[in-house]
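# quick check, what structure comes out for this input:
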Amino acid sequence: MELKTKLDLLQEVHKYYAIGCPLLNHEYPGYNRLLGVLENKINNLIDYIEDDTWGSLINELQSNGKFVVYDDSYLQFPNLVARIELSKTEAEVSITRTLRVTLSLLTNYYTAFIEERATFGRYNNEAGVAPVKLLWYGQRNMSDNETKWLEEVNVRVNYHYPNYSFINHDLLLNTNIYGGLPHGEDPEDLKPCYSLYSFLFDYIQPPQGFEVIS
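Numbers count the residues shown, from 1 in each chain. This is a model prediction of the structure:
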């Protein structure tokens, strides 16, 4: 099943991106369809109404009252994203643990995982920027409370989006695609490869020290 899912997603990447000709995305009919999906998303967000499907899901997550919920769907990528801040500690090393939920609008899959971001307060570098270590992990390494909260989120997502299926984040983040340029990446910074996640779910530039575990 995992192999079939991966093959299906790879076909979706080829549908929307000029793989093999990364600098010609804007000449590719599929990429124009991607831009249409993005435009439709933004228009729907602008015309937000109370019984909007995504808005209803965000309201339900917020109604729990235990955690702070951020809606990042305004960002310029064809997706819907919610971040649920589970814990935050402020010290020499500040650590924030967030449950990230991402629905792709390019395919009927969504993923959810824990993001742990450690920011080091004491630093000495030329740029003067505090170094960050980022860890993304899934169910195998979640605490019991995190697993319960993920299960609750999955139930709510499946209720509002019954045609969507869950997919593990590590398959998306550890599958690299060569010869393409994800939406949101600067062509002048073109890299040899990008993750499957970057093409279909969200384009994120991870800092040094980025690590993905299952």
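# C-alpha from now on. contacts and neighbour counts both.
Noted.
# touching, residue 18 and residue 180? I think so.
Yes. Residue 18 sits in contact with residue 180 when judged by CA atoms under 8 Å, with a separation of 6.5 Å.
# quick one: the strands in the chain?
Using DSSP state E, the strands of the chain run over 68-71, 79-89, 93-104, 109-120, 132-137, 165-166, 176-178, 193-195, 211-213.
# quick check: which helices or strands does the third one pack against?
The reference is to strand 93-104. Packing partners of strand 93-104 (3 or more CA pairs under 8 Å, 6 or more residues apart in numbering; DSSP states H and E): strand 79-89, strand 109-120.
# quick one: buried residues of the last one?
Which is strand 109-120. Residues 109-120 are the ones in strand 109-120 that count as buried (16 or more other CA atoms under 10 Å).
# could you dump those to TSV with pLDDT?
Shown next, in TSV, are the buried residues of strand 109-120 (pLDDT from 0 to 100):
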residue	pLDDT
109	97
110	97
111	96
112	95
113	94
114	93
115	91
116	90
117	86
118	83
119	79
120	75
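# so where's the protein uncertain?
For the chain, applying pLDDT under 70 flags the ranges 1, 48-51, 122-131, 206-209.
# buried residues in stretch 26-35, which are they?
Quick answer for stretch 26-35 (16+ other CA under 10 Å): 28, 30-31, 34-35.
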